[in-house]
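Chemist: only the shape, not the letters, is given here:
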C-alpha cells in the first residue's frame, strides 16, 4: 500500500506513535510518506528511520496514496480537505479530547480573563473542527472508548477503538543510585515522578498542590519532566512557595528516571491511552493517576485512581505508598500483569493495516458503478 501519514506539530506521544507506525509499515513492505512540520520530523527522527518526509504544504501529493492516515483534529481537517472529491479514503486517529476549562492562574485578574477568552475561542474552533473531521473521515480511530463514543455522537461514518502502544524504552544506561545522586535525592527519600508537557491539560498545579500539602513531611521529593508554555509560571510558584519540586526539563533518559523513581503521579485533566502511564506500569513503577478519559480502562485496578484536581486525595495516596513498601510492591506486580495484556507496537500496526484494507475496499465498492 501507498500510505500517507499526516500530523501537525508534535514533540510527544502523537509523534512517537507515528514514528512507530511508519517504521513498522516500511518493514512490512509498504510505501510510507509522512507529511509534517520539519521540526516535528527532526524530533522523531523520521529521516533516520528511512521514511520519506514532506511538508504539509505538499499534502496535495497525498492524493496519489491509497490511504491517508491523519493524527489529531488539525491534521484530520487537512487530510479531509486534501482527499475531497475523488481522493483516497481518510482514516483519522483521535488522540485527545476538546477540553473545557482547565486550571491555571495568570499573573493578574485581567490576564486570567484574557486567557480564558482565548481558550474559549480555541475550544469553539476546536469543537467545530472536531465535528467536521468526524463527518469527513471514512474511519475514525479513537485512542480511548470515550473518544469513540464522542465521534459516533458527532456523526462519524465509522468509528472504533484504535489502541496506541507505548514504544519500548531503551535500556537504562545509569544505575538507580547514580541518577538519584545526580538529582540530589537521598537513598531513603521517596521520589515522586511526573512526566508530561508543561501545558494546561496536564494540570501540573495539582502536583504543586500535592507537594505543598506534604511540604512539612521530610523525605518526599517531586520531579517533573517536560517542557512547555507553563514553565515560567510553575517555576515562579515553586520558588515563591519553596516547594520540594524539581523541574527537570526535557530528558532523553526517561527509562532511567522511571528506574530511579519510587512513584509516578499523573494529574492530567484528561488522557486517552497515556504513554507515560503505560511506561510506568511496564517499568514496574507504582502509578497514582486521575480517573479521567481512558485511564481507568487502560490501568484497571493496577493503579491508584483519584478524582481530577483532588490534591488532598493525591497527598494521602502518596503518603500511604511512601510509608508502605509492601503496597508499592503489590502495585508493581499488578502493573506488570496488566501491561502484559496490552497490544504491543507490532499488534497496533497490524490493527491499523487491517483498518486501511477495510476502508480501501469500502471506498472501491462505493466507486463501482451501480
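Modeler: That came through fine. Quantities reported herein were computed from a predicted structural model and do not represent experimental measurements. Numbers count the residues shown, from 1 in each chain.

Chemist: tell me which element the residue lying closest to residue 73 once chain neighbours are set aside is part of?
Modeler: Distance criterion C-beta to C-beta, 6 or more residues apart in numbering; nearest residue to residue 73, sequence neighbours excluded, is residue 129 at 4.8 Å. Heads up, the C-betas are built off the backbone N, CA and C, glycines and all. Residue 129 is part of helix 109-136 when elements are defined by DSSP states H and E.

Chemist: direction included, what does the following helix or strand past that helix pair up with?
Modeler: Downstream of helix 109-136, the first helix or strand assigned by DSSP H and E is strand 139-142. Strand pairing for strand 139-142, determined by DSSP bridges: strand 90-94 (parallel), strand 159-161 (parallel).

Chemist: now distance to residue 144 and mean pLDDT too, for the ones you listed, in a markdown table please.
Modeler: A markdown table is the format used below for these (distance: least, C-beta to C-beta, whole Å; pLDDT from 0 to 100):
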| stretch | distance to residue 144 | mean pLDDT |
| --- | --- | --- |
| strand 90-94 | 9 | 98 |
| strand 159-161 | 8 | 97 |
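
Chemist: so which of those strands is nearest residue 271?
Modeler: Residue 271 lies closest to strand 90-94 among the strands paired with strand 139-142, at 12.8 Å (C-beta to C-beta).

Chemist: just give me how far that closest one sits from the chain centre.
Modeler: Offset of strand 90-94 from its chain centre (C-alpha atoms, centre = their mean, to the nearest Å): 16 Å.

Chemist: buried residues, it. List them.
Modeler: Judged by neighbour count using 16 or more other C-beta atoms under 10 Å, the buried positions of strand 90-94 are 90, 91, 92, 93, 94.

Chemist: can you pull the contacts of the fourth one?
Modeler: Contacts were defined as C-beta atoms under 8 Å, 6 or more residues apart in numbering; by that measure residue 93 touches 17, 69, 70, 71, 72, 140, 141, 142, 143, 162, 164.

Chemist: name the SS class of the first one, please.
Modeler: Taken by DSSP: H, G, I helix; E, B strand; the rest coil, the conformation at residue 17 corresponds to helix.

Chemist: quick one: residue 1 and residue 66 touch, right?
Modeler: Yes. Using C-beta atoms under 8 Å, residue 1 is in contact with residue 66, at 4.7 Å.

Chemist: between the two, which contacts overlap?
Modeler: 356, 360.

Chemist: can you map out the helices along this protein?
Modeler: 13-27, 38-44, 73-82, 109-136, 145-153, 176-183, 205-213, 231-241, 254-260, 275-283, 295-299, 311-322, 325-339, 345-367 (DSSP state H).

Chemist: quick one: the first one to chain centroid distance?
Modeler: With C-alpha atoms, centre = their mean as the basis, the distance from the averaged C-alpha position of helix 13-27 to the chain average is 14 Å.
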